[in-house]
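[1] sequence and predicted model, in that order:
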2 protein chains.
Amino acid sequence: MKTYLDCIPCILRQALATARLSTNDEKIQEKILDQVMSFLINSARNNPSGETLTPPHIGRYVYRIIKEITGCEDPYRDVKIKYNQIALNMYSGLKDTVKDSPDPLSTAIRLAIAGNIIDFGASGGQFDLDATLKEVLTREFAVHHYDLFCDSLSKTKTLLYLGDNAGEIVFDKILIEEILKMHKLKVYYAVKSVPVINDVTIEDANEVEMNNVSEVITNGSDAPGTILDLCSREFLKIYNNADMIISKGQGNYETLSEENKKNVFFLLKVKCALIAGHLEVNAGDIILKCGGANQ
Amino acid sequence: MKTYLDCIPCILRQALATARLSTNDEKIQEKILDQVMSFLINSARNNPSGETLTPPHIGRYVYRIIKEITGCEDPYRDVKIKYNQIALNMYSGLKDTVKDSPDPLSTAIRLAIAGNIIDFGASGGQFDLDATLKEVLTREFAVHHYDLFCDSLSKTKTLLYLGDNAGEIVFDKILIEEILKMHKLKVYYAVKSVPVINDVTIEDANEVEMNNVSEVITNGSDAPGTILDLCSREFLKIYNNADMIISKGQGNYETLSEENKKNVFFLLKVKCALIAGHLEVNAGDIILKCGGANQ
């Protein structure tokens, strides 16, 4: 998905929020905004190669600018630890919810989508996890390729799960556990190689013991999405050979939606009007979409 | 009030909205955002004179950039006509509300504040006039210098009323009519000299026949507020000699709040978190504040 003009103010809002987590010095925060604006004018949309720059392409540069200026490698580290812990404290209750439901797999999918609300990029940290959980358990899907999902799962030997955010990763683990109860398959769980916003890295995977249910791999990149051109060879080998891919959240959708791969399933809660427009749904909607299927 | 870093994304959001009203050409909209960002980097906050640049200082330049690039002098003309008409259609009902209330002046003040929700700058055109009217008639004031207001009014021979937005001007007229029922005084109603956002100009004053209740004057400026340094001599003479000044809305508050003038009364609905912070109130609050009084 391309970067729209509406993304510009949103990128600056996110840059300011991250600048404030990285330094208390208002002069440096101002310098960051200036450099981000300078980047947006000079480079972002005048891409000489003609390649479509998605919001995560831009986000990657913005977070690099902030790191370079402040020296702060992981401004969201505390936020990530906090939300991993909050979600871990919910784990046992969520497991009961799944177990006691008429269709545990479907419920686990809903919970994984609810966890996607824990977002310090698009949502700017303004979310209500409890209310979202309640809502997502009963809300109708705007896109619901559940039959295709189950069918794909039944034929899958190797599943690649593209992680999104800290906190949310606990909900991902519950979905993976539910899948493993029903199917014997190899699961890879991909995290970012370098901290960017509150996206999961190896530290988050360790905190929630994701390696108990999957092989945790890094994608080789520092983009808040999955930009294949920037991913490592090792990751791409797994990506290309996986029978099925579960892609969580907006950043992964923005970077992979144009691939139109039949074996990719996008699980997300729509948090912005532009993605809603791209998916032809409404902001707030929940999505389980097969990458190769029409709506 | 100074321009905060948080204003930057908001200014860009407003610039994009105005760009879209000025032209359908996305390339030109993009050029506008680029030039606004370039202005924000190079000039906006590196003011060589050391003068505090308020958001209306910046807004003035932004709207100049958009006019220069698109040639569109008044992108909000249709919006303004529409909201003047909507408010005029409400006029008779609002007059009844005032007449039937236990304190008609207080009710007219509340209505004038409710009308302040008609805002295509801060609110970006996202507002619900009917809901706001209902709410503002009963909501408690966060700052309520009503006694000072009535006292000042009783001693006033010359009142200057600083207008804000189209549509809202009809609510201003109702308040002026109520004041004139109680006090014999000369009223000047000030409008902007040049279109900027949906701020009132002479055309709007004519559309709602504001000259029936006041002498309509222009302030000599194209800023979406009242920047005294940019106002005409004629306006400043009236401003300096008025016994009392009613200042409507955020733009006028942002530009006049530091004057600390005892005879200025700010009437506004707080539409952004930064103004809320400056006033030590909450976003959404309603304000009747004497410029020279402590809260």
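    Yep, that arrived.
[2] what stretches of chain A score poorly on pLDDT?
    For chain A, the stretches with pLDDT under 70 are A:43-50, A:123, A:294-295.
[3] what parts of it come near chain B?
    A:5-6, A:8-10, A:12-13, A:16, A:26, A:29-30, A:33-34, A:37-38, A:40-41, A:45 (Cβ under 8 Å from any Cβ of the partner chain). All C-beta atoms are positioned from the backbone trio N, CA, C, and that covers glycine.
[4] just the buried residues of these.
    A:5-6, A:8-10, A:12-13, A:16, A:29-30, A:33-34, A:37, A:40-41, A:45 (16 or more other Cβ atoms under 10 Å in any protein chain shown).
[5] A:Leu185: neighbour count?
    Number of residues near A:Leu185 (other Cβ atoms under 10 Å in any protein chain shown) recorded here: 17.
[6] hang on, isn't it packed against A:Lys155?
    No: using Cβ atoms under 8 Å, A:Leu185 is not in contact with A:Lys155, being 9.9 Å away.
[7] shared neighbours, those two?
    Counting by Cβ atoms under 8 Å, 6 or more residues apart in numbering or on different chains, the shared contacts of A:Leu185 and A:Lys155 are A:Asp243.
[8] contacts for the strand or helix carrying A:Ile109?
    Using DSSP states H and E, A:Ile109 sits within helix A:104-115. Here helix A:104-115 makes contact (Cβ under 8 Å, 6+ apart) with A:87, A:94, A:97-98, A:101, A:129, A:132-133, A:135-137, A:146, A:149-150, A:165, A:167-172, A:174-175, A:177-179, A:181-182, A:248, A:267-269, A:286-288.
[9] and the residues you listed, which are buried?
    Looks like the contacts of helix A:104-115 have A:87, A:94, A:97-98, A:129, A:132-133, A:135-136, A:149, A:165, A:167-172, A:174-175, A:177-179, A:248, A:267-269, A:286-288 buried, using 16+ other Cβ under 10 Å.
[10] which residue is the nearest non-sequential neighbour of whatever residue of the stretch 101-250 of chain A ends up closest to chain B?
    Closest to chain B within the stretch 101-250 of chain A is A:Gly124: 10.4 Å, counting by Cβ to the nearest Cβ. Ranked by Cβ to Cβ, 6 or more residues apart in numbering or on different chains and with sequence neighbours excluded, the top spatial neighbour of A:Gly124 is A:Ala17, at 5.9 Å.
[11] pretty sure the one you found sits against A:Gln126.
    No: shown here, A:Ala17 and A:Gln126 do not form a contact pair, counting by Cβ under 8 Å, at 10.2 Å.
[12] which one of these two has more residues nearby?
    The neighbour count for A:Ala17 versus A:Gln126, taken as other Cβ under 10 Å, is higher for A:Ala17 (19 against 8).
[13] can you give the domain ranges for chain A?
    A:7-70, A:77-290 (automatic domain parsing).
[14] ends of the last one, how far apart?
    For domain A:77-290, the separation between the terminal residues is 32 Å (Cα to Cα, to the nearest Å).
[15] one step back: what residues are up against the residue nearest to A:Gly124?
    Shown here is A:Ala17, whose contacts under the criterion Cβ under 8 Å, 6+ apart are A:Phe120, A:Gly124, A:Gly125.
[16] wait, the last one touches A:Tyr76, no?
    No: contact between A:Gly125 and A:Tyr76 fails when scored by Cβ under 8 Å: they sit 9.4 Å apart.
[17] looking at these two, which is more packed in?
    Set A:Gly125 next to A:Tyr76 and count neighbours by other Cβ under 10 Å: A:Tyr76 wins out with 25 against 14.
[18] which residues touch the residue nearest to the more buried one when sequence neighbours are not counted?
    Distances taken as Cβ to Cβ, 6+ apart place A:Asn198 nearest to A:Tyr76, at 4.5 Å, with adjacent residues excluded. Shown in contact with A:Asn198 (Cβ under 8 Å, 6+ apart): A:Tyr76, A:Val79, A:Lys80, A:Tyr83, A:Ile118, A:Asp119, A:Phe120, A:Gly121, A:Asn165, A:Ala166, A:Gly167.
[19] redo that, cut-off 7 Å
    Taking Cβ atoms under 7 Å, 6 or more residues apart in numbering or on different chains, we find A:Asn198 in contact with A:Tyr76, A:Val79, A:Lys80, A:Phe120, A:Asn165, A:Ala166.
[20] quick check: the gap between it and A:Lys80.
    Distance, A:Asn198 to A:Lys80, by Cβ to Cβ, to the nearest Å: 5 Å.
[21] mutual contacts of these two, please.
    With Cβ under 7 Å, 6+ apart as the test, A:Asn198 and A:Lys80 both reach A:Ala166.
[22] which parts of the stretch 51-200 of chain A are strands?
    Taking DSSP state E, counting those that start in this stretch as the test, the strands found in the stretch 51-200 of chain A are A:143-144, A:158-162, A:186-191.
[23] tabulate these (JSON lines), appending mean neighbour count.
    What follows is the strands of the stretch 51-200 of chain A, written out as JSON lines (neighbours: other Cβ atoms under 10 Å in any protein chain shown):
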{"stretch": "strand A:143-144", "mean neighbour count": "17"}
{"stretch": "strand A:158-162", "mean neighbour count": "24"}
{"stretch": "strand A:186-191", "mean neighbour count": "22"}
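[24] which one of these lies closest to A:Asp204?
    strand A:186-191 (6.8 Å; Cβ to Cβ).
[25] other SSEs contacting the closest one?
    strand A:158-162, helix A:202-207, strand A:215-218 (3 or more Cβ pairs under 7 Å, 6 or more residues apart in numbering or on different chains; DSSP states H and E).
[26] okay, now the sheet partners of it, with direction.
    strand A:158-162 (parallel), strand A:215-218 (parallel) (DSSP bridges).
[27] just the CA coordinates of the shortest one, formatted as CSV?
    Below are the C-alpha coordinates for strand A:215-218, written out as CSV (Å, rounded to 0.1, in the frame of the first residue of the first chain):
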residue,chain,number,x,y,z
GLU,A,215,11.0,-21.5,16.2
VAL,A,216,11.6,-17.8,16.7
ILE,A,217,13.4,-16.2,13.7
THR,A,218,14.4,-12.6,12.9
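[28] following the chain onward from that strand, which element is next?
    helix A:233-241.
[29] in that following helix, what's buried?
    Buried, per 16+ other Cβ under 10 Å, within helix A:233-241: A:Phe235, A:Ile238, A:Tyr239.
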